[in-house]
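*Asks:* How does the following fold in three dimensions:
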Amino acid sequence: MREVMRPLARKLFQALLLVVGVTLISFLLMVWFGPDQTYTLIGKNATTEQIAEVRHQLGYDDPFLLRYGEYLLELVTLDLGVSNASGESVRTLLARTVPISLVLMIPGFVLGNGVGIALGLASAHRRGRRSDRLITALSVTGMSISFLVVLIAFQVLFSTPYGLDLFPVRGWRVSGWTSYLHYVTVPTLALLFVTFGYNTRFYRALFIEEIGRDHIRAARALGASESVILWKHVLKNSMVPIITRIMFSIPLVVISGSLLIESYFGIPGIGQATFEAITSGDQPVLKAVVGLTAVAFVAIQFLTELLCRRLDPRLG
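*Replies:* So this is what the prediction gives:
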């Protein structure tokens, strides 16, 4: 038992060190060397005493380690302050916007990886044939088109009188499954189209490498069917890199992917809140988003390590 717990304790310690390092960098960039919020909050005609009072309230007079410690405490306790732009509690803002981003991005994320795995497996199985060349060509085409161009094209095609005019152009008025599907369809199709190429190319290369291994040739020699080889051997033995890719994509999709989709379609999720915080210089919101995203990356890395160890004991 002690031998099992020792590697886990070491991984946890490494994860904590990584959290400290990542949050330290984000603190330096966002807070210590970030823009001075004094004149944004107090105006240009303030007296010297008023400026000194505001700087004291913002903690600008405190030493570096004290301010960094307070930043860590904010992230741990989720006491993230108040938005400078709206006056809303940042914790309340996150609780309101993050669920919207999750339900918006999950369908495209799941479908994108599912379609990528299925087509990558089919392409690797028929390597060099016409279907493989067709899938590869479609993947390269999807990778070469800008996400913004895809959003505009899909909006015109599905949401305007110039196209099918089936779905709303902007907004998020969800009150049930019907309205949810009504609003989520176009963003999901756009995300699926953009991630299709990257996912398919990655999974194809992964499966081609696995198909070339000795145990696959041995399974064929023993008379195993192609479906058993693909689904039971190739896919199963590729789960470690698949899970690693999927897990590490989650924060990127939720934050960076939703930022463009939500700001374009006017959806009130964390992506739009981050975009508004960037344009208005709302430091409390930016601090929370950057810090919590960094912590999420580290936590996902630790969970991925545990999952991969369960799937492949050799990694222990």
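*Asks:* My read is that residue 267 contacts residue 174, right?
*Replies:* No: assessed by Cβ atoms under 8 Å, residue 267 is found out of contact with residue 174, at 9.7 Å. Where you see a C-beta, it was placed from the backbone N, CA and C, and this is true even at glycine.
*Asks:* Show me whatever sits in contact with both of the two.
*Replies:* Residues touching both residue 267 and residue 174 by Cβ atoms under 8 Å, 6 or more residues apart in numbering: residue 183.
*Asks:* between the two, who's got more neighbours?
*Replies:* residue 267 (22 against 17; other Cβ atoms under 10 Å).
*Asks:* looking at this, that one is in a helix?
*Replies:* No: membership of residue 267 in a helix is not supported by DSSP: H, G, I helix; E, B strand; the rest coil, which gives coil.
*Asks:* Could you report the pLDDT at it?
*Replies:* Listed pLDDT for residue 267 reads 94.
*Asks:* Enumerate every residue touching the nearest residue to it once chain neighbours are set aside.
*Replies:* Spatial nearest neighbour of residue 267, excluding adjacent residues (Cβ to Cβ, 6 or more residues apart in numbering): residue 172 at 4.5 Å. By Cβ under 8 Å, 6+ apart, residue 172 lies in contact with 100, 183, 265, 266, 267, 268, 269.
*Asks:* Any chance of CSV for those residues, columns distance to residue 19?
*Replies:* CSV is the format used below for the contacts of residue 172 (distance: Cβ to Cβ, whole Å):
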residue, distance to residue 19
100, 27
183, 36
265, 33
266, 34
267, 30
268, 29
269, 25
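*Asks:* which among those residues end up buried?
*Replies:* Those of the contacts of residue 172 that meet the buried threshold are 100, 183, 265, 267, 269, by 16 or more other Cβ atoms under 10 Å.
*Asks:* Export these to JSON lines and append columns for distance to residue 302.
*Replies:* Listed next are those as JSON lines, based on distance: Cβ to Cβ, whole Å:
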{"residue": "100", "distance to residue 302": "27"}
{"residue": "183", "distance to residue 302": "34"}
{"residue": "265", "distance to residue 302": "34"}
{"residue": "267", "distance to residue 302": "31"}
{"residue": "269", "distance to residue 302": "26"}
